[in-house]
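1. The following block contains a protein sequence and its predicted model.
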Protein chains: 2
Amino acid sequence: MLPRLPTPIARPFHTALPAFREGRDTPRAYLERCLEAIAAFEPVVGAFVHLEIEAARRAADASSLRWQAGQPLSRLDGMPVGIKDLVETIDMPTQCGSPVYEGHRSGRDGASVIALRQAGAVILGKTVATEFAAAVARGTRNPWDPNRTPGGSSSGSAAAVAAGMVPVGLGAQVVGSLIRPGSYCGVIAFKPSLGAINRGGANDDMSQCVHGPLAATLEDAWIFTREVADRAGGDPGYPGLYGPALPPAAARPRRIAVLETAGWKIADRAALAAFEASVDRIAAAGVVVVRRADDPRIEAVEQAIGDAQAASVAIVGYETRWPLNTYRAKDPSKLSRFMLERLAKAETLTLEDYRRLLADRDRARATYAALAGTFDLAVTLAAPGIAPMGIESTGDTIFNTPASLLGTPALSLPVMHVDGLPLGLQTMGFLNEDAALFGFSAWLQALLDPSGKA
Amino acid sequence: MLPRLPTPIARPFHTALPAFREGRDTPRAYLERCLEAIAAFEPVVGAFVHLEIEAARRAADASSLRWQAGQPLSRLDGMPVGIKDLVETIDMPTQCGSPVYEGHRSGRDGASVIALRQAGAVILGKTVATEFAAAVARGTRNPWDPNRTPGGSSSGSAAAVAAGMVPVGLGAQVVGSLIRPGSYCGVIAFKPSLGAINRGGANDDMSQCVHGPLAATLEDAWIFTREVADRAGGDPGYPGLYGPALPPAAARPRRIAVLETAGWKIADRAALAAFEASVDRIAAAGVVVVRRADDPRIEAVEQAIGDAQAASVAIVGYETRWPLNTYRAKDPSKLSRFMLERLAKAETLTLEDYRRLLADRDRARATYAALAGTFDLAVTLAAPGIAPMGIESTGDTIFNTPASLLGTPALSLPVMHVDGLPLGLQTMGFLNEDAALFGFSAWLQALLDPSGKA
């Protein structure tokens, strides 16, 4: 029998800045509040695989001095953050959720971690990732109900943000690893445009993979991503995150495309009802809402993303044969049965099969991009329902794979509830138009959740 | 005073296959001939940073048994190969030409190394790379004249192939690291289309970087690249090498574009004369040869690639800030002054600067691609002259950066000589049309060097 947890409350950071400036609050005091949440939740939730509390206190003290001197390094100076345990950190192990990397220390920071340190962030710890960011969970519990999964693979970052342990956690999505845990944990999840921030020093070199934040607020998500991209750039060959230094202001969309995706058939009734109620409120506010039956371009997108889940899994499988085959060769017992089976299946694919998957993906991207002139954004569910019971499975990725396949920016907005548990509205924008997506999403969040809280 | 070396003779592998099949020769005997060349050249040339001779003998013996049983694993079963010391190998250190990685063992094979082992290749050793595949040489000497550089960064692979120590060495090019050493050492260098073979397990995640072979013959270069791509695929998100299983047959081109590139102004007179003599022979054979003054599309390409060297260095600099900044933070004395200065310069670039570089590169690629309908290939020099004296500098990359920037396939053909030393004719094709480039290049090689030897 698990102990009863307090109600989780995500902890915004951007709202603390005026008090830092005016000396009414300090990053050190902010960190101590985070540590109180960790004391309250972490023994049950298990969001972190590693914490460096004293190093964080020193970093927070240094930040406090900078704010006191009126010389913060950036808008995230003093922000405590958790780093998904795929990304290297010089002072902590990087274990990728796998026994293969148990105790592994790379002795260097990943590109985004360096950027965060340069911006004054306080690297508090490494958050739990599923095995190599795939399906096998590593024990993290949902702070809203510890009998439920927080989702994955960015399990720890989502749970830590939901419980107010940190305002932002770094995550990554290649199939469904940001948007779904954001939905299950009732926090903002931001999957930026493909290549938006530098993945250097992560062990996830797949073509659909992108790093992004789980965050208490849209503002924190934007500032975090912006400050990292400004310093570390995007992935090699990509233009990096486009958009302003400050979070984009709320903007009312004119026309929204509703995407059912293949998830529609398996979404639970309560989730669909909550989604329809949201759509009704959006339409009632004067936004034109268009569906597949209304517009052949939307129907074409639905067709193009109908197999997004299978296609994503196949693409990722082919692209991760190496290095998984090296780990299997050395000691197969350190890989899960799931991973060994995925690898064996991927090894039946030929280069020609993979090319066909890429060509189909290119066509799907072009079909989706054609919506841009007519629609400001697309909306769908972020998950088929609230977080499922049990912590073995991290839930179904079916609503997440369309944006992963398309490479478009997506957000999960914590604006719905079912049975008192959070459910995300997923908004999807257009490649490199992340700022526009934020503006429209801020307007939708204000409309659907005037309290500003999930 | 360096000892006098025998005349280097590259050692084809594909020509040995009939004798393997018929039992007149074996991979083990082939390996022993390679080891004789190593005994003769290596003490002076220094092509290898690590050799695993007994493991290679065991692998060659296993291959001999497969050929004897009529069951070779592929057309490169039994091929001794050298692996550029950027790419991980399970049984040897991977040191990236840098004291930062001195003695480093990753404990796994890179993606291409696994593919090579699966195809039956004999991994003989790690070949010398310059410091992190950039400018600082690591002591390798040119087998044609040990007082001269073999070029770089794939210094060891080029020298080893030239001296007949191995028929093929894996290399990589992001600025000028395959084509130039191929030219200086008088061997085939093949820079495939961007993304053609999987770089997994190399420490060179730059957007222009591609791996490819230095080889004794075009046939060996093709077979090597084909067999690796079939097993390991291309880079994530790329379709991998296109083309047939067997080396493309020689094909007479109809129209060739001569590209001067920015190198024209600094190429030495003898190299330009050798190039013009080659072009005259090509024209005399009935091929239409067109230059910048004759066709505005070629002039447009010349303009677009005029800054290719500066642009390539800037792009690579920006993309390698990480991880070089982590090495500098830990111990700057382990980086060369060159590398520290390049890093400092790269750190003055903003994300916006980098975006402009990418946008210019995209435009240059489109301008070059527009030649495809009219011209079968482009030709230029592979280097401004024969290998320069001295082994501190690896020579000027100016003739190599156009193909690097453009991402197109390129070859250096050892068909010219100046003062008895080799000079390469560079042929450049069109993206993913590597097989066509091989066919035309085979025809050009037969025309310009009927002996088939450099």
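-> Structure's in. What do you need? This is a predicted model, so every value here is computed, not measured.
2. only C-alpha atoms for contact and neighbour calcs from this point on.
-> OK.
3. Show me the shaky parts of the stretch 351-454 of chain A.
-> Scanning the stretch 351-454 of chain A for pLDDT under 70 picks out the ranges A:452-454.
4. what does it put close to chain B?
-> A:351, A:354-355, A:358 (Cα under 8 Å from any Cα of the partner chain).
5. Let me know the closest of the residues you listed to B:Q445.
-> A:L351 (30.3 Å; Cα to Cα).
6. quick one: contacts for that closest one?
-> B:229-231, B:233, B:239-240 (Cα atoms under 8 Å, 6 or more residues apart in numbering or on different chains).
7. ok so, going back, in helices, which of the residues of the stretch 351-454 of chain A next to chain B appear?
-> Here DSSP state H is the test, and these give A:351, A:354-355, A:358 as lying in helices.
8. Serialize those residues to TSV and add fields for distance to B:R297.
-> Below are those laid out as TSV (distance: Cα to Cα, whole Å):
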residue	distance to B:R297
A:L351	35
A:Y354	35
A:R355	31
A:L358	31
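9. gap between A:E219 and A:H417?
-> 22 Å (Cα to Cα, to the nearest Å).
10. Would you map the strands across the stretch 201-350 of chain A?
-> In chain order, the stretch 201-350 of chain A shows strands spanning A:210-215, A:255-258, A:288-290, with DSSP state E, counting those that start in this stretch as the criterion.
11. Can you say which of those strands is nearest to chain B?
-> strand A:210-215 (13.1 Å; Cα to the nearest Cα).
12. same question for the closest one, mean pLDDT?
-> Across strand A:210-215, the average pLDDT comes to 98.
13. Touching it from outside, list them.
-> Contacts made with strand A:210-215 from outside it, assessed by Cα under 8 Å, 6+ apart, are listed as A:12, A:157-158, A:161, A:167-174, A:178, A:182, A:187-199, A:221, A:224-225.
14. Just these: which are in helices?
-> A:157-158, A:161, A:182, A:221, A:224-225.
15. I'd like to know which of these is nearest to chain B.
-> Of the ones in helices among the contacts of strand A:210-215, the one sitting nearest to chain B (Cα to the nearest Cα) turns out to be A:T225, at 13.3 Å.
16. correct me, but A:G97 touches A:A134?
-> No. Assessed by Cα atoms under 8 Å, A:G97 is found out of contact with A:A134, at 9.3 Å.
17. Low-confidence stretches in chain A?
-> Scanning chain A with the threshold set as pLDDT under 70 gives A:452-454.
18. What residues does it have near chain B?
-> Residues of chain A lying near chain B (Cα under 8 Å from any Cα): A:108-111, A:200-201, A:205-208, A:229-233, A:236-240, A:319, A:322-323, A:326-327, A:350-351, A:354-355, A:358.
19. Give me the buried entries from these.
-> Neighbour-count burial (16 or more other Cα atoms under 10 Å in any protein chain shown) is assigned, among these, to A:108-111, A:200-201, A:205-208, A:229-233, A:236-240, A:319, A:322-323, A:326-327, A:351, A:354-355, A:358.
20. ok, the residue nearest to A:Q95 when sequence neighbours are not counted - how many residues close by?
-> Distance criterion Cα to Cα, 6 or more residues apart in numbering or on different chains; nearest residue to A:Q95, sequence neighbours excluded, is A:Y101 at 4.5 Å. The tally of other residues near A:Y101 (other Cα atoms under 10 Å in any protein chain shown) stands at 15.
21. Kindly report the same for A:G243.
-> A:G243: 16 surrounding residues under other Cα under 10 Å.
22. List the buried residues for stretch A:263-279?
-> A:263-264, A:267, A:271-272, A:274-275, A:278-279.
23. Please narrow these to those residing in helices.
-> Short answer: the buried residues of stretch A:263-279 in helices (DSSP H) are A:271-272, A:274-275, A:278-279.
24. Find the pair from these with maximum spatial separation.
-> Going by Cα to Cα, the pair spanning those furthest: A:A271 and A:V279, at 12.3 Å.
25. ok, back up a step: which pair of the contacts of A:L351 spans the longest distance?
-> Across these, the longest distance by Cα to Cα is 12.9 Å; it joins B:R231 and B:P239.
26. residues contacting the residue nearest the centre of chain A?
-> Taking Cα atoms, centre = their mean, the centroid of chain A lies closest to A:L178, which sits 2.6 Å from it. Going by Cα under 8 Å, 6+ apart, A:L178 touches A:152-154, A:171-172, A:189-191, A:212-214.
27. go on, A:A216?
-> A:10-13, A:161-162, A:164, A:167-168, A:187-188.
28. let's go with 6 Å and repeat that
-> A:10-12, A:167, A:187 (Cα atoms under 6 Å, 6 or more residues apart in numbering or on different chains).
29. Distance check, it against A:P167.
-> Distance from A:A216 to A:P167, by Cα to Cα: 5 Å.
30. For chain B, what is the nearest residue in the stretch 351-454 of chain A?
-> A:R355 (5.2 Å).
31. hang on, the earlier thing: from chain B, how far off is the residue nearest to the centre of chain A?
-> The gap separating A:L178 from chain B is 21 Å, by Cα to the nearest Cα, to the nearest Å.
32. same check, this time on A:I298
-> Computed as Cα to the nearest Cα, the A:I298 to chain B distance reads 26 Å.
33. Report how many residues lie close to the closest residue to that residue other than its chain neighbours.
-> With Cα to Cα, 6+ apart as the criterion, A:I298 has its nearest non-adjacent residue at 4.9 Å, and that residue is A:R292. A:R292 sits with 17 neighbouring residues when counted by other Cα under 10 Å.
34. how much space between the closest residue in space to A:A293 that isn't next to it in sequence and A:Q445?
-> Excluding its sequence neighbours, the residue lying closest to A:A293 (Cα to Cα, 6+ apart) is A:E299, at 6.9 Å. Relative to A:Q445, A:E299 is positioned 26 Å away (Cα to Cα).
35. Who has more neighbours out of the two?
-> Using other Cα under 10 Å as the criterion, A:E299 and A:Q445 rank with A:Q445 on top: 21 against 15.
36. How far away from the center of its chain is the host helix or strand of A:C34?
-> Using DSSP states H and E, A:C34 sits in helix A:27-45. Relative to the centre of its chain, helix A:27-45 is centred 21 Å away, using Cα atoms, centre = their mean, to the nearest Å.
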